[in-house]
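# The sequence and its predicted three-dimensional model are supplied below.
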Amino acid sequence: MAPESTRGGLDPLLLRRAAALVDQGAASVVHEHRLTVDQWRMLELLAIRGPLAMSTLCGELSLAGATATRVADHLVTEDLAHRDIDDIDRRRVVLHVSRQGRHLYGQLVEKVEAAQEQELRALADTVLERLARLIDRSPVPSSTPEGFSQTSGK
C-alpha cells in the first residue's frame, strides 16, 4: 500500500483502492440481478432521495452525461425506473424509481452493504485507521468543483 502523503493530505491511491473494494462488494451482489455497479448506485440514489434530474444524477455519481443516460436507459428498460419531464422546466428529464425498482433495492441493500463491508475488511486494520485519520484531517471544501456535487451520505 502506498505510504501516507507527506503533505498531510489524502492519499489518492488509498482512496482509489478503498473505492474499488466497495465497488467489488456491490458488484458481487448486483451482477446476479443483471445490474452494473453504476446502475445499482443510480437505483440506490433514486430509492433513497426520490426523483432526481439527470444532471443531478451525473454529478452525484460522477458520470458523464452519455454514460448516465445509458445507465438510466437500462433501469427504464428493466422497469426499475421511469422518466418524466420536469413540471417547472420542461427541458429537464427527471428519473423516478419504480415500484419494482424500490422492491429490488429493498431486497438487495443489506446484502450489498454486507458485501461492501466484507471487501473493506480486506484492507488491513492499520490501513483503515489511516484512511479514517486522513479523512478526518481533510479540510471540508468551501465549494464543489464543477461537475461534482456534495452528498449527504447514506
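Yes, it's here.
# average pLDDT across stretch 100-117?
Averaged over stretch 100-117, pLDDT sits at 95.
# Can you tell me what sits against that stretch?
21-22, 25-26, 28-30, 33, 40, 43-44, 46-47, 75, 78-81, 97 (C-beta atoms under 8 Å, 6 or more residues apart in numbering). In this view, the C-beta of every residue, glycine as well, is placed from N, C-alpha and C.
# which parts of it are buried?
Buried residues in stretch 100-117, defined by neighbour count with 16 or more other C-beta atoms under 10 Å: 101, 102, 104, 105, 108, 109, 112, 115, 116.
# host element of the third one?
Read it as residue 104. Using DSSP states H and E, residue 104 sits within helix 99-120.
# Check which residues of the helix or strand just after that helix are buried.
For helix 99-120, the following helix or strand on the C-terminal side (DSSP H and E) is helix 125-137. Neighbour-count burial for helix 125-137, with 16+ other C-beta under 10 Å as criterion, is recorded at 127, 130, 131, 134.
# Kindly present those residues as JSON lines, with separate columns for distance to residue 92.
Below are the buried residues of helix 125-137 laid out as JSON lines (distance: C-beta to C-beta, whole Å):
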{"residue": "127", "distance to residue 92": "42"}
{"residue": "130", "distance to residue 92": "42"}
{"residue": "131", "distance to residue 92": "37"}
{"residue": "134", "distance to residue 92": "37"}
